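Enquirer: got a predicted structure plus its sequence, pasted below:
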Amino acid sequence: MEPGPAEEALHHCRLIQNLVDISVSSLRALRTKCATSNNLTQQEIRTLEVKLTKYMWTQLQWKQRVAERERPEALAGYPRLEDWLLTANLTPQFIQCSDVPVEYLQGQYGE
């Protein structure tokens, strides 16, 4: 039996999340352990930011292929808001100080 659209989307989101997790780890290391003023470091950071944005965009596309009422609860967690924020170099504390409610962002971009 072939998996349905919801199962297929969840499978792809999970696979992509593995790539996101690896890239997030590298991005954190570059931002915290390397001299961010170094041109090579800045280039690597930008490369990872672009990669992460593409990965998360792909997760959103897979998620959008499934009608909202047919989405399994697990699919709601993709892409992860904290990954978006880290990619944009924003902390949850920054978002909480802004005028944009965190709940709104979570609804728009995933938990």
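Expert: Now that the structure is in, tell me what you want to look at.
Enquirer: longest helix in this structure, please.
Expert: For the chain, the longest helix by residue count, based on DSSP state H, is helix 5-33.
Enquirer: now do the buried residues in that helix.
Expert: For helix 5-33, a neighbour-count test (16 or more other Cβ atoms under 10 Å) marks 6, 9-10, 12-13, 16-17, 20, 23-24, 26-27, 30 as buried. Just so you know, the C-beta spots here come from the backbone N, C-alpha and C atoms, and that holds for glycine as well.
Enquirer: backbone phi and psi for residue 37, please?
Expert: phi -80, psi -10 (degrees, to the nearest 10).
Enquirer: sorry, that was for residue 65
Expert: phi -70, psi -20.
Enquirer: what does residue 36 give?
Expert: Given degrees, to the nearest 10, the pair of backbone angles that residue 36 has is phi -70, psi -10.
Enquirer: where's the closest residue to it other than its chain neighbours, which helix or strand?
Expert: Excluding its sequence neighbours, the residue lying closest to residue 36 (Cβ to Cβ, 6 or more residues apart in numbering) is residue 42, at 6.6 Å. Here residue 42 is covered by helix 39-64, with elements defined by DSSP states H and E.
Enquirer: show me what that helix is packed against.
Expert: In terms of contacts (3 or more Cβ pairs under 8 Å, 6 or more residues apart in numbering; DSSP states H and E), helix 39-64 is packed against helix 5-33, helix 81-87.
Enquirer: quick check: buried residues in that helix?
Expert: Neighbour-count burial for helix 39-64 [16+ other Cβ under 10 Å]: 45, 48-49, 51-52, 55-56, 58-60, 62-63.
Enquirer: what helices and strands are in contact with the longest helix of the chain?
Expert: By 3+ Cβ pairs under 8 Å, 6+ apart, helix 5-33 packs against helix 39-64, helix 81-87.
Enquirer: mean pLDDT added to those, as CSV?
Expert: As requested, the helices and strands packed on helix 5-33 are arranged in CSV below (pLDDT from 0 to 100):
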stretch, mean pLDDT
helix 39-64, 96
helix 81-87, 89
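Enquirer: could you dump these to CSV with distance to residue 74?
Expert: Formatted as CSV, the helices and strands packed on helix 5-33 follow (distance: least, Cβ to Cβ, whole Å):
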stretch, distance to residue 74
helix 39-64, 11
helix 81-87, 15
